[in-house]
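Enquirer: Just the structure for this:
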Amino acid sequence: MSESIIEVDPTLFGVNPRDPYGDTQDTSLQVQVPPHEAERAAHALAMVVPRLYHVVEDGRELTDEEMDRNNALPRPLDNPSWVGPIYRHPDGPFIVIDNNGHMTPEAGHTTAGIVAKALREAGIARGRLAPAPALTGDDEVWIET
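Expert: Residues are numbered from 1 along each chain as shown. Next up is the predicted model:
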């Protein structure tokens with residue numbers, strides 16, 4: 001069996017091209033895979049969505065107990081407040097992560113690593129993590145998370 005290759009687009013979690021003021025980042029993530037691997041990629045992505053809520057701004061993935069302690073702090077470390085469902089797209093499944101318009105490079109690196117590992121474990125041979133297309137309002141939810 002050949003080694004799984006999951007590339008990460010250098011613009012992932014970069015400047016949001018849909019923000020006219022340039023104040024926010026694009027915190028969407030698409031798993032671009034060949035059509036025959038889309039179903040497996042969508043399920044792998046759905047399996048890690050709960051973990052993405054636990055990735056904090058310094059790049060650590062906290063346990064439930066650590067999250068409780070973090071949330072009790074006067075200034076808790078930022079983490080996603082919402083991660084959307086898995087959307088269907090011809091280029092591959094995607095999610096939107098509400099990170100209040102900003103994801104630190106450390107949090108982005110950890111998030112991409114979690115997704116890439118899940119894809120490898122699901123047997124995805126080749127894929128690319130990239131910013132997702134803009135939501136149109138007509139996007140089809142593939143998997144509720």
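
Enquirer: So what's the predicted local confidence for the closest residue to residue 42 other than its chain neighbours?
Expert: Excluding its sequence neighbours, the residue lying closest to residue 42 (CB to CB, 6 or more residues apart in numbering) is residue 93, at 3.9 Å. For every residue, glycine as well, the C-beta is placed using N, CA and C. Note for residue 93: predicted pLDDT of 97.

Enquirer: Could you check how far residue 93 is from residue 114?
Expert: Residue 93 sits 15 Å away from residue 114, taking CB to CB, to the nearest Å as the criterion.

Enquirer: Pick out whichever of the two has more residues nearby.
Expert: Of the pair residue 93 and residue 114, residue 93 is the one with more neighbours under other CB atoms under 10 Å, namely 26 against 17.

Enquirer: residues in contact with the more buried one?
Expert: For residue 93, the contact set (CB atoms under 8 Å, 6 or more residues apart in numbering) comprises 30, 31, 38, 41, 42, 45, 86, 87, 142, 143.

Enquirer: Now, the residues you listed that are in strands?
Expert: 30, 31, 86, 87, 142, 143 (DSSP state E).

Enquirer: Count the residues that sit near residue 123.
Expert: Neighbours of residue 123 (other CB under 10 Å): 11.

Enquirer: Correction: the previous question concerned residue 11.
Expert: Residue 11 has 11 nearby residues by other CB under 10 Å.

Enquirer: For the closest residue in space to it that isn't next to it in sequence, give its distance to residue 30.
Expert: The shortest distance from residue 11 to any non-neighbouring residue, by CB to CB, 6+ apart, is to residue 131 (6.0 Å). Distance of residue 131 to residue 30, computed by CB to CB: 7 Å.

Enquirer: who's more crowded, the two?
Expert: residue 30 (24 against 20).

Enquirer: Which pLDDT value goes with the residue nearest the centre of the chain?
Expert: When CA atoms, centre = their mean is applied to the chain, the residue found nearest the centroid is residue 29 (4.6 Å). According to the prediction, residue 29 has pLDDT 96.

Enquirer: Pull out the buried residues from stretch 65-73.
Expert: 67, 70 (16 or more other CB atoms under 10 Å).

Enquirer: which residues make contact with it from outside it?
Expert: Under CB under 8 Å, 6+ apart, the answer for stretch 65-73 is 53, 54, 56, 62, 76, 77, 79.
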